Every structure is written in structure tokens, then in C-alpha cells.
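Asks: Here is the input, now give the coordinates:
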Amino acid sequence: MSAIGQVERKTQQRVVKLFRDTLGYDYLGDWTDRVGNRNIEEGLLRKFLRERQGYDEALITRALHLLDKAAGDTSKSPYDRNRDVYSLLRYGVKVKPGVGENTVDVWLIDWEHPENNHFAIAEEVTVAAADDKAHEKRPDVVLYVNGIALGVLELKRSTVSVAEGIRQNLDNQKKEFIQPFFATMQWVM
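Replies: Numbers count the residues shown, from 1 in each chain. Next up, the predicted model:
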């Protein structure tokens, strides 16, 4: 590995260390070779909803279906998908437990008790491209809250302009690359 790569790696490790050691995020690992990386890590979200929020499996399954539907609705613009996901994050997922039963709010984020949420960080998150002819993309750092990817950090060394990092994030959001991954993002830096 080149000296430049080592310097970049050290900077990334410092960022991960800040989130892990100072902010208390769980470290999910280097996901370069992990298959099936998504913006909604179902296992983590299910665990949060079951263990920390106390929802039963039927409600969890229905809420996840509605979240996946909002995030994956390719008939809508990326802006509209992101707005719909934000609404579910902020105001809860309206779920009917059963036929004829009243709607229940399933809270994907515990806004009243933020310390109950599960904060996690992963690095080098490889995401398959939407188009078979395009290549995968790999955001440097992804921040997850309860298994939902809410933030992406693209790190650049000091000799690279900020514009290059912005361009890379915009390219990643193109339809042929990993646009669906950004449906849940609330923070891109």
C-alpha cells in the first residue's frame, strides 16, 4: 500500500475512533467485502424494535415492509423517497396490527429517550450498483441509527479539494450507481 493510502487510512481510523470512543457508537467493521450491504440493516433494526422498543414481530414486519416500500419506491424521485423516509423516521410508521384494529405508531427512532437508540458506524461500505453495467461504490464511513443508514462521510486528504468529495457523493447518488442507498440518508458530508 502506498504512503498516501496509509495516511488516508490513519485519518479514517481517527474518525472511526472519535465516533466509537468519544460518541459511543458501536463499530460494525470494515464492510469492504461484506455481501448485501444496505441502507436498512434489517437484523439491527428488528433487534432494536423488539428489544428496546418492545414491539411484537407482526408489527415489526409490517413496519419494515412500509419502510422498505418508501425507501425503494423507484416510481418517485430521490427527493420524494427521502422525504417519505424522513416522515417515517420522524413521525413513526402507522401500522394496523390486524383487521379492524386501531393503527399503532411504530417508532424507528426513540426521540423521547435518545440514549435508547443504537448508534453504529461502519467503514468502507461496499454497495452494489443499481445498473449491472456500472461498478459498485464504497462510501468511506456510514453512520447507522438502529440499523438505518442516516449519514455518509466521504473523507479526502488535505491536498484534494472539497469539490472532489462533493462530486463523488453526487456521482454515488446517480441512478446507475447507488442512488437507492441514499433514500434513508439525512446527512451527507
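
Asks: All the helices of this structure, in order from the start?
Replies: With DSSP state H as the criterion, the chain has helices at 3-17, 42-47, 57-71, 78-91, 162-172.

Asks: Quote the end-to-end distance of stretch 101-113.
Replies: 27 Å (C-alpha to C-alpha, to the nearest Å).

Asks: Kindly report the same for stretch 136-155.
Replies: Span of stretch 136-155 from end to end, C-alpha to C-alpha: 18 Å.

Asks: ok, Phe182 to Val85 distance?
Replies: 10 Å (C-beta to C-beta, to the nearest Å). From N, CA and C alone the C-beta is placed, and that goes for glycine too.

Asks: for the spatially most central residue of the chain, what are its contacts?
Replies: Central residue of the chain (C-alpha atoms, centre = their mean): Ala149, 1.0 Å from the mean position. Residues counted as contacts of Ala149 (C-beta atoms under 8 Å, 6 or more residues apart in numbering) are Arg38, Asn39, Ile40, Glu41, Val125, Val142, Leu143, Phe181, Thr184, Met185.

Asks: between the residues you listed, which is closest to Ala163?
Replies: Checking these against Ala163 with C-beta to C-beta, the nearest one is Met185 at 19.7 Å.

Asks: Tell me how far the closest one lies from Ala58.
Replies: In this view, Met185 and Ala58 are 29 Å apart by C-beta to C-beta.

Asks: More neighbours: which of those two?
Replies: Each of Met185 and Ala58 has its neighbours counted (other C-beta atoms under 10 Å); Met185 has more, 22 against 11.
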